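>>> fold the following for me, if possible:
(one chain, ligands or ions: 1)
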Amino acid sequence: MKLLKVHGSGNDFFILDQSKLEKPLSEAELKLLAQKICDRKSGLHGGSDGVLSVTAGHNDAVVGKMRVINADGSEASMCGNGIRTVARYLSEQNNQNAFKVETMQADLEVKREPDFAPGITVFEAEISPVSFTAKALGMHVAGTEKLVNESIPELSATLKFSAVAVPNPHLIAFVDHATLIGEELGRIASYLNSKGNPIFPDGVNVSFVEVLAKNKIFVRTYERGVGFTNACGTAMSASSLMYVLLFTGKSGLEEKITVLNPGGMVKTKVHQRADGSYWMSLIGNATFVATVEVELSAALAGDFSQVSWQETGEQKAYEHFVRSVVKNEL
Ligand SMILES: N[C@H](CCC[C@H](N)C(=O)O)C(=O)O
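Predicted coordinates for the structure are as follows:
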């Protein structure tokens, strides 16, 4: 079975193109495969944040379909960093640079963009649909249908939170630098992703955001189904939306925002449609790290003793990009 090790801003995945398999995996196999190969200790070559399953799109205009399986085996409706890598994979498979990718709730536009630096292939992805409703978020906060810059005393006596689904659920707080790098994020996020918590019973991605300058933010995220990751594309998009709504207002629409994260940097734009709804553009690297071959039966058993791992050489270019370009942005 062939896999492709990829990352978007250091948020890493294995792409599994199921259209190349004799028989698609069962739901149970797909879940178990993610749990086995993603494990950071016992997984495939250091594991990953998740698996991106690619299959044929629902019609010719939609080049492929992406499903997102987190490292714990749970499925998410969207993955912003992941869809850029799937877009590049489908672009090279089909020799197209602009097309749509089917996701759980929408067919999303993707397109090739100019490289950020030598060897840094870049794609732009549409992040949509966006909803603030408690229902879309799976959120239960007493008497709260929409949470925008409000306190949640059960979580924190000081922080103010916003909740937005893009369409996966995000809880976001704007904080100072000490809080950004402190323990609060892990404490709050692990509680909200613990079994039986009454606020987000299905879990939630939690991000702390520091405003570094006008149209420049730093986003640190604890992801549902994964834990702390280098970056979370939907979180960076959701944080950009909240930055515009809470700090710049309408003048911030259509402006390019630089979003830094522990794994690197992306650019975002926030758009508003005539009907008042929002969507975002997420622009960032789609790095292919290695091509991988492993027997499915061995992978499902967590046996990675007979794996073929061929590095592409792109990771060196990415690390140079982070050292040179990204560090200068901080
Ligand atoms: N952990 C997320 C899915 C992956 C999203 C993230 N990796 C991204 O780039 O958007 C969730 O359960 O909603």
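>>> outline the domain layout of the chain.
As given by automatic domain parsing, the domain ranges for the chain are 2-119+286-329, 134-284.
>>> so who does Phe247 touch?
Applying CB atoms under 8 Å, 6 or more residues apart in numbering, we find Phe247 in contact with Val211. In short, each C-beta sits where N, CA and C put it, glycine included.
>>> I meant Ser324, not that one.
Taking CB under 8 Å, 6+ apart, we find Ser324 in contact with Ala117.
>>> and Leu296, how many residues sit next to it?
Leu296 has 14 neighbouring residues, counting by other CB atoms under 10 Å.
>>> that one reaches Leu3, doesn't it?
No: if you go by CB atoms under 8 Å, Leu296 and Leu3 don't touch, sitting 10.2 Å apart.
>>> what separates the nearest residue to Thr291 once chain neighbours are set aside from the ligand, distance-wise?
Take Thr291 and drop its neighbours on the chain: the residue closest to it by CB to CB, 6 or more residues apart in numbering is Gln310, 4.7 Å away. Taking CB to the nearest ligand atom, to the nearest Å as the measure, Gln310 falls 24 Å from the ligand.
>>> looking at this, Gln310 is in a strand?
Yes: under DSSP: H, G, I helix; E, B strand; the rest coil, Gln310 falls within a strand.
>>> give the contact list for it.
Ala290, Thr291, Val292.
>>> ok, of the residues you listed, which one's closest to Ala134?
Of all those, Val292 has the smallest distance to Ala134: 40.7 Å, by CB to CB.
>>> please name the bridge partners of that closest one.
In this structure, Val292 bridges to Leu3, Trp309 when assessed by DSSP bridges.
>>> look up how far Ala87 lies from it.
Distance of Val292 to Ala87, given as CB to CB, to the nearest Å: 20 Å.
>>> higher neighbour count, these two?
Ala87 (29 against 22).
>>> how far away is that one from the ligand?
Separation of Ala87 from the ligand (CB to the nearest ligand atom): 13 Å.
>>> isn't there a helix covering that residue?
Yes: counting by three-state DSSP, Ala87 is located in a helix.
>>> can you tell me the closest non-neighbouring residue to it?
Using CB to CB, 6+ apart, the closest residue to Ala87 is Val110 (3.6 Å).
>>> right, I'll leave it there.
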